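> I would like to see how this sequence folds:
(chains A and B)
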Amino acid sequence: MTARDGSAAPAGTGPRPAGAAAPLIEVRGLRYLYPGAAGEALAGLDLTIGAGEFVAVVGANGSGKSTLARLLGGLENPGAADLAVVCGHDLLDAEGRMAARRDVGVLFQNPENQLVAECVEDDVAFGLENLRWTPEDMRARVDEMLARFGLAELRRREPHLLSGGQKQRTALAGVLAVPRRALVLDEPTAMLDPAGRAEVLQAACELRDEGLAIVYVTQEMDEVMAADRAVALDAGTVVYEGDVPGLFRDAALVRRLGLGLPAAGEVALELGSRGRAFAVLPLTADELLAALGEAT
Amino acid sequence: MSGEAPATRGAADAAGTARGMALECRAVGFSYEEAQAPIPALRDVSFALAGGRSLALLGASGSGKSTLLQIVRGLDAPEAGAVLLDGVGAAQAAGAGAGAAGGAGGTGEAGYAALQKQVGLVFQTPELQLFASSAREDVAFGPSRLGWPDDEVAAAVEEALELVGLPPERFGDRHPYALSGGEQRRLALAGVLAMRPRLLLLDEPFVSLDPATRRELARILSRLRADGVTLVLATHDVDLAWSLCDELLMLDAGRVAAAGPWDLGAAGRELLAASRLREPFLVELWRRLGRDPREAPRTYAEAAEALA
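Residues are numbered from 1 along each chain as shown, chains lettered A, B, ... in the order given. Below you'll find the model as predicted:
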C-alpha cells in the first residue's frame, strides 16, 4: 500500500498510474444532519474506494446520495465520523476540507449552478486562475480540456446560451482542468441526451483508467452497469455494497429501495412473473436474447 | 388507487368541451439574441397534433425542445408563423395562415388568450419554483390566478393532490421543502394539473427522479392520457417516450427532422442516432428477435406477455 502524502500535486501533473490499491476515499460512521431536519441524512455510513475504481451510488430520492457527494468533495462539514479521509485529507478538519476540494472534483446534475464566467473558456479556466497558474500553462490546459470535451468551437459562447449538454460538458471540463485524484459526479447525465450520457459515462471510465477514484451517483440503472462496484443507500446508510449484477439480482432489495433494473432485466422480471424463470436473471439485451434463445 | 375519486367527480369536463386540445404549429420561427448575432432556435417548425393524442418531443440538447414548449405555452411569441390551439391562432402573430385562422371566428385574440389558460407547462426541475408555506397553498396559486371562485379552487387543489399521489389529508399542510425530491416534483405537477389543462406540456419531467418515482409519474401521465388530455412530452428518455406517446416530433437544430408516427425502420433508427438518440429498447429487442419492430410492444409487461 503506497499512501500518498497530502500535499497538493504540482501543476501539470501527468496521468497517474492506474490500479494503485491505496484507498483514496475512506469513511466510517459518517453522519450528517441538516439543520431543522427530522432525521439524519447520513446515519453512520461506511465507504472505501481505491484509486482507479469506479463506484456507482444508487438509492431513492432522499436516501443521502447527494449529501454524501457534497461531503466527499469537502463542501460540507460532516456532523460526525469515526474516520473521514479523502485523498489523504481529514474531512473533519477545516483545512483538510479545503485541501480535499483541491484534489476532489465535484460535478452536480444541474450545470446552471456551476457556470460562473462570461464565456466557456473563461469558465474552464476559472479553477486554474484561483490556483494562480501561469497564463501559458493555463492556456494550454484550457485548450486541452476544450478539445477533450468537444467545446473548442464554443469557447467564446456565453454559458447561458449553451444547451444543457454543452453546459454540462463545460462544467466537467472546468472541474477536470484542475488535475484531480478523485471525481464525484452527482447525477451528471440527468440533463443530457443519450449521446451526451454516453460521452460523460465514457469520460468517467477513462478517468478511472487514468487512476482516479470515481464516485458516480445516478438514477440511471443502465449506467450502473458500467461501474466496477455498486453501493446502495437507504436512509443514509449503505445497504448493499458489491458487484453490480448482485445488486440487480436481489429483486426484493431493488424494489424496497425504489430502484429499477436495466431495461432487459425489467423484461426478464416480467417474464419471470409469467412463469418463465431464468437460472440467472439477464440484465443486458445480449443476455436476454441468449436466454430466450436457449429457452426456445 | 387514490386517483379514482376525482375522475368520477367529472369536474374536468364541466366546461363541456372535448378534454384534449388540438395543437398545430405553422412555420414557427424563433431566435435568441446574442451580442454578435441572433442564434436561431426554431426554424419553420410545422406539425399538427389532434386533441387527446400524445406527442414525444425528441431531439439533442439544444435542438429547440424547451423553446418550442415555451412558445406553445405563450411565454414567448414566435417571430414567424403561428401556434393554433383548437384551430385558433393569436391574431397578432405574423403570417397569412395565422391571420386566417385567428380571424376565422372573429374572436382570435380573445379566444386564443382563453385557450392559452387551458395549456399547462411543467418546467424542467419544477420543484425549484415551489414557494408557498404549504403544499395546498402552493397548488392553489395557479387556479387562484385564473380567478376561479374559492370553492372551485379548493376542489381543484384536493383533486390535483390526489391525482399525483399526495393525498391532501396527509400532505396538504406539509411545507414543500419538507417533502422528498420525488414528492416535490409531484407537488409541482399538481400545481399545473389543478388548472385542469386540456393540453399538458412537460419538459423533461423524469429527470433526476428515482426509478420508482418515475414509474409513478409515468402512471399519472398514462392516466391523464386515458382521460383524453393532449400531452406533449419533451424528453431524452426514448424508452419512456415510447411507452407514453402515440407520435413523435423530432427536432434537429431547430428544424423538424421527423413528425408523425414513430418510424421503426432503418431510416427511423438512423434519424434517432443523428439526433444523439437511440431507438427504444423494446423496438431494438423486437428487431433483434427477428420480429417486426413495427409491432414492438409499448411496455415491459406487454413484451413479457408476447414472449411468455
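> Surely A:Ile214 touches A:Pro188?
No: using C-beta atoms under 8 Å, A:Ile214 is not in contact with A:Pro188; the gap is 10.6 Å. Glycine gets a C-beta too; all of them are placed from N, C-alpha and C.
> With neighbour numbers in mind, choose between those two.
A:Pro188 (27 against 23; other C-beta atoms under 10 Å in any protein chain shown).
> tell me the secondary structure for the more buried one?
The local conformation at A:Pro188, judged by DSSP: H, G, I helix; E, B strand; the rest coil, is coil.
> Next one: the spatially closest residue to B:Arg73 that is not a sequence neighbour from chain A, what distance?
Using C-beta to C-beta, 6 or more residues apart in numbering or on different chains and skipping residues adjacent in sequence, the residue nearest B:Arg73 is B:Leu121, 4.2 Å away. In this view, B:Leu121 and chain A are 17 Å apart by C-beta to the nearest C-beta, to the nearest Å.
> now B:Glu305
Counting by C-beta to the nearest C-beta, the gap from B:Glu305 to chain A is 7 Å.
> burial of that residue, as a residue count?
13.
> Could I get the contacting residues of it?
A:270, A:274, B:297 (C-beta atoms under 8 Å, 6 or more residues apart in numbering or on different chains).
> which residue is nearest the centroid of the chain?
Chain wasn't specified; assuming chain A. Nearest residue to the geometric centre of chain A (C-alpha atoms, centre = their mean): A:Tyr216, 2.4 Å.
> actually chain B
By C-alpha atoms, centre = their mean, the most central residue of chain B is B:Leu201, 2.3 Å off.
> where does the chain dip in pLDDT?
Answering for chain A, as no chain was given. A:1-22, A:294-296 (pLDDT under 70).
> my question was about chain B
Low-confidence segments of chain B (pLDDT under 70): B:1-17, B:35, B:91-108.
> quick one: the residue of it found nearest chain A from B:Ala41, how far?
Of all residues in chain B, B:Gly62 sits closest to chain A, at 2.6 Å by C-beta to the nearest C-beta. The gap separating B:Gly62 from B:Ala41 is 9 Å, by C-beta to C-beta, to the nearest Å.
> List the residues that contact the closest residue to chain B within the stretch 51-200 of chain A.
Residue of the stretch 51-200 of chain A nearest chain B, by C-beta to the nearest C-beta: A:Ser163 (2.6 Å). Shown in contact with A:Ser163 (C-beta under 8 Å, 6+ apart): B:60-63.
> Ok, B:Ala258 next?
Taking C-beta under 8 Å, 6+ apart, we find B:Ala258 in contact with B:248-250, B:268, B:271.
> Distance of it relative to B:Phe30?
Taken as C-beta to C-beta, the span from B:Ala258 to B:Phe30 is 20 Å.
> A:Ala56 too?
Between A:Ala56 and B:Phe30 the distance is 39 Å, computed by C-beta to C-beta.
> what are the ranges of the helices in chain B?
B:4-9, B:65-72, B:96-103, B:108-116, B:135-145, B:150-163, B:168-171, B:181-193, B:211-226, B:238-244, B:266-274, B:281-288, B:300-307 (DSSP state H).
> Please tell me I have it right and A:Val184 contacts A:Gly74.
No: counting by C-beta under 8 Å, A:Gly74 is not a contact partner of A:Val184; they are 9.8 Å apart.
> what touches both of these two?
Counting by C-beta under 8 Å, 6+ apart, the residues touching both A:Val184 and A:Gly74 are A:Val104.
> Settle it for me: which of those two has more neighbours?
Each of A:Val184 and A:Gly74 has its neighbours counted (other C-beta under 10 Å); A:Val184 has more, 28 against 25.
> Secondary structure of the more buried one: a helix, I assume?
No: A:Val184: not assigned to a helix; according to three-state DSSP it is strand.
> if I pick it, what's in contact with it?
Residues near A:Val184 by C-beta under 8 Å, 6+ apart: A:69, A:72-73, A:104-107, A:215, A:217.
> change it to 6 Å
Going by C-beta atoms under 6 Å, 6 or more residues apart in numbering or on different chains, A:Val184 touches A:69, A:72-73, A:106, A:215.
> Among these, the buried ones, what's the ChimeraX command?
Command for ChimeraX, covering only those of the contacts of A:Val184 found buried under the criterion 16 or more other C-beta atoms under 10 Å in any protein chain shown:
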select /A:69,72,73,106,215
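> Could you report the neighbour count for the nearest residue to A:Gly165 once chain neighbours are set aside?
Distance criterion C-beta to C-beta, 6+ apart; nearest residue to A:Gly165, sequence neighbours excluded, is B:Ser61 at 3.4 Å. For B:Ser61, the count of nearby residues is 21 (other C-beta under 10 Å).
> got it, and A:Pro194?
Other residues lying near A:Pro194 total 19 when counted by other C-beta under 10 Å.
> What residues are bridge-paired with the residue nearest to the centre of chain B?
B:Leu121, B:Val232 (DSSP bridges).
> wait, doesn't it sit right on B:Gln124?
No: applying C-beta atoms under 6 Å, one finds B:Leu201 not in contact with B:Gln124, separated by 11.5 Å.
> So which bits of the stretch 101-250 of chain B are right by chain A?
Counting by C-beta under 6 Å from any C-beta of the partner chain, the residues of the stretch 101-250 of chain B close to chain A are B:180-182, B:207-208, B:210-212, B:236.
> how does it look with 8 Å?
B:124-125, B:180-182, B:204, B:207-215, B:236, B:238-239 (C-beta under 8 Å from any C-beta of the partner chain).
> Mind checking which of these are buried?
Buried, going by 16+ other C-beta under 10 Å: B:124-125, B:181-182, B:204, B:207-214, B:236, B:238-239, out of those.
> Identify, from these, the entry nearest to A:Glu129.
Taking C-beta to C-beta as the measure, A:Glu129 lies nearest B:Thr125 of those, at 29.7 Å.
> Tell me which entries of the contacts of B:Glu305 lie within strands.
Per DSSP state E, strands hold no members of the contacts of B:Glu305.
> Just the angle for the helix or strand harbouring A:Ile25 relative to strand A:182-186, thanks.
For A:Ile25, the element it lies in under DSSP states H and E is strand A:23-32. Counting by axes from the mean of the first three to the mean of the last three C-alpha atoms, to 10 degrees, strand A:23-32 points 40 degrees away from the direction of strand A:182-186.
> residues making contact with strand A:23-32?
Against strand A:23-32 from outside (C-beta under 8 Å, 6+ apart): A:40-51, A:64, A:67-68, A:71-72, A:76, A:78-87, A:91, A:181-182, A:213, A:215, A:236.
> quick one, strands of chain A?
Under DSSP E, chain A gives strands at A:23-32, A:42-50, A:54-58, A:83-86, A:89-90, A:104-107, A:182-186, A:213-217, A:229-234, A:237-242.
> how about the ones you listed in CSV, adding distance to B:Leu49?
Formatted as CSV, the strands of chain A follow (distance: least, C-beta to C-beta, whole Å):
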stretch, distance to B:Leu49
strand A:23-32, 47
strand A:42-50, 46
strand A:54-58, 36
strand A:83-86, 51
strand A:89-90, 55
strand A:104-107, 37
strand A:182-186, 36
strand A:213-217, 36
strand A:229-234, 41
strand A:237-242, 44
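> Of those, which stretch is the most buried?
Of the strands of chain A, the one with the most neighbours on average (mean count of other C-beta atoms under 10 Å in any protein chain shown) is strand A:213-217, at a mean of 27.
> I figured A:Gln219 hits B:Ser208, correct?
Yes: contact criterion C-beta under 8 Å: A:Gln219 and B:Ser208 qualify, at 6.3 Å.
> so what sits against both of the two?
Going by C-beta under 8 Å, 6+ apart, residues that sit against A:Gln219 and also against B:Ser208 are A:187, A:190.
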